[in-house]
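Trainee: Need coordinates for the below:
(2 chains)
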Number of protein chains: 2
Amino acid sequence: MAAPRRSDVVLDSVKRLLRIGATANLLNLLQKQHPADLAQIFDALLDAERSAVFSLLVERQPKLAMETISEMGPEPAAQLLTGRSADDIASLLHELPSDDAAALIDYLPEELSREVLELMRRRESGQVESLLEYGEQTAGRIMNPSVFALNEDLTVGEAITALQGARDVEMVFYLYVVDGRRHLVGVTSLRRLLLVSPETPLKRIMTPDIISVRVDTDQEEVARQVASYNLLAVPVVDEENKLAGVVTVDDVIDVIKDEATEDLLRLAGVSGDERIATPAGEALRKRLPWLAVNLVTAFVAASVVALFEDTISQVTALAVFMPIVAGMGGNAATQTLTVIVRGLALGELSWVNARKALAKESLIGLGNGVALGVAAAGVAWATKRDPVLGLLLGMAMLCNMFVAATSGTLVPLGLKALKVDPALASSVFITTFTDVLGFASFLGLATVFLKYLAR
Amino acid sequence: MAAPRRSDVVLDSVKRLLRIGATANLLNLLQKQHPADLAQIFDALLDAERSAVFSLLVERQPKLAMETISEMGPEPAAQLLTGRSADDIASLLHELPSDDAAALIDYLPEELSREVLELMRRRESGQVESLLEYGEQTAGRIMNPSVFALNEDLTVGEAITALQGARDVEMVFYLYVVDGRRHLVGVTSLRRLLLVSPETPLKRIMTPDIISVRVDTDQEEVARQVASYNLLAVPVVDEENKLAGVVTVDDVIDVIKDEATEDLLRLAGVSGDERIATPAGEALRKRLPWLAVNLVTAFVAASVVALFEDTISQVTALAVFMPIVAGMGGNAATQTLTVIVRGLALGELSWVNARKALAKESLIGLGNGVALGVAAAGVAWATKRDPVLGLLLGMAMLCNMFVAATSGTLVPLGLKALKVDPALASSVFITTFTDVLGFASFLGLATVFLKYLAR
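Mentor: Got it, this is the predicted structure:
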């Protein structure tokens, strides 16, 4: 899908110019890039190269340096800044929008972040600190507090004048209207200002029914609202309905991407915030516990097999086929689980239609069980020349496919009801179910019908 | 996380009012809902209720009916319309933006969609048909062709007048500037128009460097550009750089969500377009082939076990522990695979840093192998009182964890290089590798050191 990227060519040039020390040419090249592209280039550089290029930018083009930082994501950005003095960092962070600065400071080593905050406070940058007071994952953390608002008593002409004087406001597509105590009372748009005469009172052309979120609203809920009402931005208010900031659609896109990534990673037993750039040691520390839990459940499943060692010693062919029953159950359960978890995340599945979903998955489980059970039975019969073995394999398969489908539906729904993230915990339970049941059904049936099996 | 939704209360009222036939009250209630909320309510209704409510809306509030349809997603929307006459559908679709209409028509049964298109053409609705001429998944399909553009020769005052006269343009945050033959030459904003005197030529305040996409650009690429440059909309041009339409950020959000959903589902062996609402029969038809492929690979792995039946018949404890080696390899491989596939999708992983990623995953594989190998060896030794069995299990585990990590990295990268979607095909390969290698290494080692094992 991806055509050879222009940025690969630029990357090679950056490395070359850096190596030969052609600073002027390098700066010239860097300035021509969009900060978002520079962030990608930074990511692809070796650590030493990255520091060198960043230091050069900080010295000669501090604004571009910080615009690039703001495109990088807080974690690598914090890594890049960690080598510098608190004083340096504080000055640089002044160039960032305060929501980006707050996110970044959160990733600095603890002592450094305290120092930086202290310095920024002395320079009267209360905004960043106050953003950090909101809980993680809340609207307060990602909102931009410098939101432009118009007083409800203005006329349209006065509003336009106010707008002409405003600088550095994040975006002026929606114009929020507030009363004298900054309570949010309405919204209008630039376009509407242009359509009426300048003497018109702002109150007359504003829409009083306005969708807003609170500073403590969960970011995923903010994303859901922006997406389902097709908004470009949503105003954020405090508990007294006073305008506190604005969340724009670009922040929402980041939330949606992170949310999807989190679900995907958690389903696979990976921490939701692991990325390609996460160091090996940290990744190992986060992945190993999940594997350890799985090792425990694998031993639980193995202990089921151990119950039937005697049967296996009489018919070793059972050991050949038993992983098929367990494994196919796991595969089918993963299909169901993924559809259910994603349906919950997209808001397409709720208690209202849960019964319908369970009925559907049960049907699919039966269908899969019949089709795959017959196929597996046929292969086992043909290869081992034992129709009874085939029959038992088919029956165990049918049974396990049905359990896979129903547990794949019920476990995530149950976890959701218990307020546990279904993406995080479901697969351990379900793998254990399908393994234990796969082994128990096949080996159990074989033990019961042992005398009919070829030795 | 989800608080009890207001829409659940509304849903109950809708059902009740429908049941008692209180049409006026029902209409009154429906009119108070946002179309996005109505779409959710529709989704939760039974089929018969949904048709009844929709017919009522079509008859009494056709505009609201179509706004709701436009929020529903094309597939359920098409299902809802399918019962009506082509004539009816064509009239209703006139109310929709043409990109939404095109997406919907695509989901109607073939004959009906042809009839509807024919009728719409007669009523001179060429726009929808021409959108359908662009390839699926291209910018052309999701763009809105009614884009407002200003001629470069206008003054700012004339531009404002033109703007005041324009109706029904999707959005006027960016103002695109075109030459006499509608070639895209620049962009400006409403806000900038307000900052200068009316006599200023538009050319003087427009930005000529404008990011645009082509009608045939892949939608995922459009999403990437809008997201990384933080755009609210991106203009779409044809092969001659003539302005053909605009893709707005709300369409992009849908693309990003669909893309993430596709990756997630495909990794689990589910078709990328399956949703909660997909009927059981269709879901089964799409899931079964993937399970069938897995059944084949499961038999391949089983045939490896069959090679060692003789060894197993002498030491049945091997049958107890062998699924652990294979299963844990599968779990570790899934972790790696998911991180790699998501990294590729987010554009964080490319050939530039692939070697670094491989080194990282190999390290993690070794770390996992040592930790879990030692743990498994200890448990096996303790439960079976056979240190050699424990040692062999630990060694096989170490070996399989390393293979899991390297194949989990190399297979998706290789598929990407072959232009195959890594989310779609990787897991089959990798499960086969880890199963085959897990069984082969453990049972192979056991066969070699058979005489040291307790019987």
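
Trainee: ok and the residue in chain A nearest chain B?
Mentor: With C-beta to the nearest C-beta as the measure, residue A:260 is the residue of chain A nearest to chain B, at 3.2 Å. C-beta here means a position set from N, CA and C on the backbone, and glycine is covered the same way.

Trainee: contacting residues around the nearest residue to that residue once chain neighbours are set aside?
Mentor: Spatial nearest neighbour of residue A:260, excluding adjacent residues (C-beta to C-beta, 6 or more residues apart in numbering or on different chains): residue B:260 at 3.2 Å. Residue B:260 sits next to A:256, A:257, A:260, A:261, A:264, B:345 when contact means C-beta atoms under 8 Å, 6 or more residues apart in numbering or on different chains.

Trainee: Poorly predicted segments of the stretch 51-200 of chain A, please.
Mentor: Counting by pLDDT under 70, the stretch 51-200 of chain A shows low-confidence ranges at A:123-130, A:167-172.

Trainee: what ranges do the strands span in it?
Mentor: Under the criterion DSSP state E, counting those that start in this stretch, strands of the stretch 51-200 of chain A are mapped to A:149-151, A:174-178, A:184-189.

Trainee: if you compare those strands, which one is most tucked away?
Mentor: Of all the strands of the stretch 51-200 of chain A, strand A:174-178 carries the top mean neighbour count, a mean of 23, counting by mean count of other C-beta atoms under 10 Å in any protein chain shown.

Trainee: contacting residues around it?
Mentor: By C-beta under 8 Å, 6+ apart, the surrounding residues in contact with strand A:174-178 are A:147-152, A:159, A:163, A:184-190, A:193, A:202-203, A:206, A:210, A:232-233, A:235, A:242-243, A:246.

Trainee: Summarise which helices and strands the helix of greatest length in chain A is packed against.
Mentor: The residue-count maximum for a helix in chain A (DSSP state H) belongs to helix A:351-384. In terms of contacts (3 or more C-beta pairs under 8 Å, 6 or more residues apart in numbering or on different chains; DSSP states H and E), helix A:351-384 is packed against helix A:317-345, helix A:387-417, helix B:35-44, helix B:280-307.

Trainee: now, of the ones you listed, which is deepest in the fold?
Mentor: It is helix A:317-345: most buried of those by mean count of other C-beta under 10 Å, with a mean of 27.

Trainee: any idea of the angle that one forms with helix B:280-307?
Mentor: Per axes from the mean of the first three to the mean of the last three C-alpha atoms, to 10 degrees, the angle that helix A:317-345 makes with helix B:280-307 is 150 degrees.

Trainee: Just give me how far helix A:317-345 sits from the chain centre.
Mentor: Put simply, helix A:317-345 sits 24 Å off its chain's centre (C-alpha atoms, centre = their mean, to the nearest Å).

Trainee: Okay, angle between it and helix A:351-384 too, please.
Mentor: 160 degrees.

Trainee: and helix A:317-345 with chain B, contact?
Mentor: Yes: Helix A:317-345 is in contact with chain B by C-beta under 8 Å from any C-beta of the partner chain, via A:317-324, A:326-328, A:331-332, A:334-335, A:337-340, A:342-343.

Trainee: can you state the direction angle for the helix or strand hosting the residue of chain A closest to chain B and helix B:317-345?
Mentor: Using DSSP states H and E, residue A:260 sits within helix A:249-267. Orientation check (the same axes, to 10 degrees): helix A:249-267 against helix B:317-345 gives 170 degrees.

Trainee: then helix A:249-267 to CSV, C-alphas only?
Mentor: Presented in CSV, the C-alpha positions along helix A:249-267 are these (Å, rounded to 0.1, in the frame of the first residue of the first chain):
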residue,chain,number,x,y,z
VAL,A,249,-11.1,17.2,16.4
ASP,A,250,-7.4,16.6,15.9
ASP,A,251,-7.1,15.7,19.5
VAL,A,252,-10.1,13.4,19.1
ILE,A,253,-8.4,11.6,16.2
ASP,A,254,-5.5,10.8,18.5
VAL,A,255,-7.8,9.5,21.2
ILE,A,256,-9.6,7.2,18.7
LYS,A,257,-6.4,5.8,17.3
ASP,A,258,-5.0,5.2,20.8
GLU,A,259,-8.2,3.5,21.8
ALA,A,260,-8.2,1.2,18.9
THR,A,261,-4.5,0.4,19.4
GLU,A,262,-5.1,-0.3,23.1
ASP,A,263,-7.9,-2.7,22.3
LEU,A,264,-5.8,-4.5,19.7
LEU,A,265,-2.8,-4.8,22.0
ARG,A,266,-4.7,-5.8,25.1
LEU,A,267,-6.5,-8.6,23.3
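
Trainee: Buried residues of that helix, list them for me.
Mentor: A:249-267 (16 or more other C-beta atoms under 10 Å in any protein chain shown).

Trainee: chain center to stretch A:337-351: distance?
Mentor: Counting by C-alpha atoms, centre = their mean, stretch A:337-351 comes out at 15 Å from the chain centroid.

Trainee: residues making contact with that stretch?
Mentor: Residues from elsewhere that reach stretch A:337-351 (C-beta under 8 Å, 6+ apart): A:224, A:259-260, A:263, A:267, A:357, A:361, A:408-409, A:411-413, A:416, A:422-423, A:426-427, A:430, B:2, B:40, B:43-44, B:257, B:261, B:264-265, B:267-268, B:270, B:274-277, B:283.

Trainee: repeat for stretch A:366-374
Mentor: So stretch A:366-374 is contacted by A:328, A:332, A:393-395, A:397-402, A:405, B:280, B:284, B:287-288, B:291-292, B:295 (C-beta under 8 Å, 6+ apart).

Trainee: Give the rounded mean pLDDT of that stretch.
Mentor: Averaged across stretch A:366-374, pLDDT comes to 95.

Trainee: For it, list every residue counted as buried.
Mentor: A:366, A:367, A:368, A:369, A:371, A:372, A:373.

Trainee: Then stretch A:206-215?
Mentor: A:206, A:210, A:212, A:213, A:214, A:215.

Trainee: so can I have a markdown table of those showing pLDDT, secondary structure and distance to chain B?
Mentor: Listed next are the buried residues of stretch A:206-215 as a markdown table, based on pLDDT from 0 to 100; DSSP: H, G, I helix; E, B strand; the rest coil; distance: C-beta to the nearest C-beta, whole Å:
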| residue | pLDDT | secondary structure | distance to chain B |
| --- | --- | --- | --- |
| A:206 | 91 | coil | 17 |
| A:210 | 88 | coil | 12 |
| A:212 | 92 | coil | 14 |
| A:213 | 94 | strand | 13 |
| A:214 | 94 | strand | 12 |
| A:215 | 93 | coil | 16 |
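
Trainee: Taking the residues you listed, tell me the two that lie furthest apart.
Mentor: A:206 and A:215 (22.6 Å; C-beta to C-beta).

Trainee: Quick check: closest non-adjacent residue to residue A:407.
Mentor: Using C-beta to C-beta, 6+ apart, the nearest residue to residue A:407 is residue A:433, at 4.9 Å.

Trainee: How about the secondary structure of the one you found?
Mentor: helix (DSSP: H, G, I helix; E, B strand; the rest coil).

Trainee: Identify the residues contacting it.
Mentor: A:333, A:403, A:404, A:407, A:411.

Trainee: ok, the fourth one - contacts?
Mentor: With contacts defined as C-beta under 8 Å, 6+ apart, residue A:407 is in contact with A:333, A:429, A:430, A:433, A:434.

Trainee: Could you verify my assumption that the last one touches residue A:336?
Mentor: Right, the one you point to is residue A:434. No: if you go by C-beta atoms under 8 Å, residue A:434 and residue A:336 don't touch, sitting 10.7 Å apart.
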